[in-house]
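> Okay, here's the prediction I keep looking at, along with the sequence it came from:
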Amino acid sequence: MEDENVKRPGPSLEARFFHAVHDSNEERIEACLKEGINIDKKDSLGNSAIILAADKEDKSLVQFLIGKGANVNLRNIAGETAVFRSVFRGNMEILKLLVSAGAEHKIKNAEGLSAMDLAEDRGEEKILLYLKKL
């Protein structure tokens, strides 16, 4: 028989943080930061919050995370950065935001491809022209 008065542990701080990122809930992200989570914590695939935000094309969340000091050049296990995810999604706005925050656009992923290579492969002409001008 289970004791109804026994408290079961809730989700870990890490789990709450990544759920908040997934939900784009800046208030819950802020609460996790106050509890001590590192803004650059990575999930099991090596994705940081800024990579996830760029991948889901959430400009507001990308801005929020940059404002909180997120490292815009972290890589996941595939060697991709938030720049790669913004190029993959064809999101020029987020790409420009990341670059203006100091994101390196010449980093190569685990396959040896740069963001420029990815833009070319995906037919992202405007993004390719932008990256060439940097």
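Arrived safely. All values reported here derive from a predicted model rather than from experimental measurement.
> got the contact list for the residue nearest the centre of the chain?
With distances taken as CA atoms, centre = their mean, the residue of the chain nearest its centroid is Ile51 (1.7 Å). Ile51 makes contact with 74, 76, 80-82, 85, according to CB atoms under 8 Å, 6 or more residues apart in numbering. Glycine gets a C-beta too; all of them are placed from N, C-alpha and C.
> most neighbours, which of these?
If you count neighbours using other CB atoms under 10 Å, the busiest of those is Ala82, which has 32 neighbours.
> Excluding chain neighbours, what is closest to that residue?
Excluding the flanking residues, the one nearest Ala82 by CB to CB, 6 or more residues apart in numbering is Ala54, at 3.9 Å.
> The one you found belongs to a strand?
No - counting by DSSP: H, G, I helix; E, B strand; the rest coil, Ala54 is not part of a strand but helix.
> For it, give me its contacts.
Taking CB under 8 Å, 6+ apart, we find Ala54 in contact with 62, 82-83, 85-86, 89, 91, 94, 98.
> before we move on, back to that, could the contacts of Ile51 go into JSON lines alongside pLDDT and secondary structure?
Shown next, in JSON lines, are these (pLDDT from 0 to 100; DSSP: H, G, I helix; E, B strand; the rest coil):
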{"residue": "Leu74", "pLDDT": "98", "secondary structure": "coil"}
{"residue": "Asn76", "pLDDT": "98", "secondary structure": "coil"}
{"residue": "Glu80", "pLDDT": "98", "secondary structure": "coil"}
{"residue": "Thr81", "pLDDT": "99", "secondary structure": "coil"}
{"residue": "Ala82", "pLDDT": "99", "secondary structure": "helix"}
{"residue": "Arg85", "pLDDT": "98", "secondary structure": "helix"}
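> Alright, that wraps it up for me.
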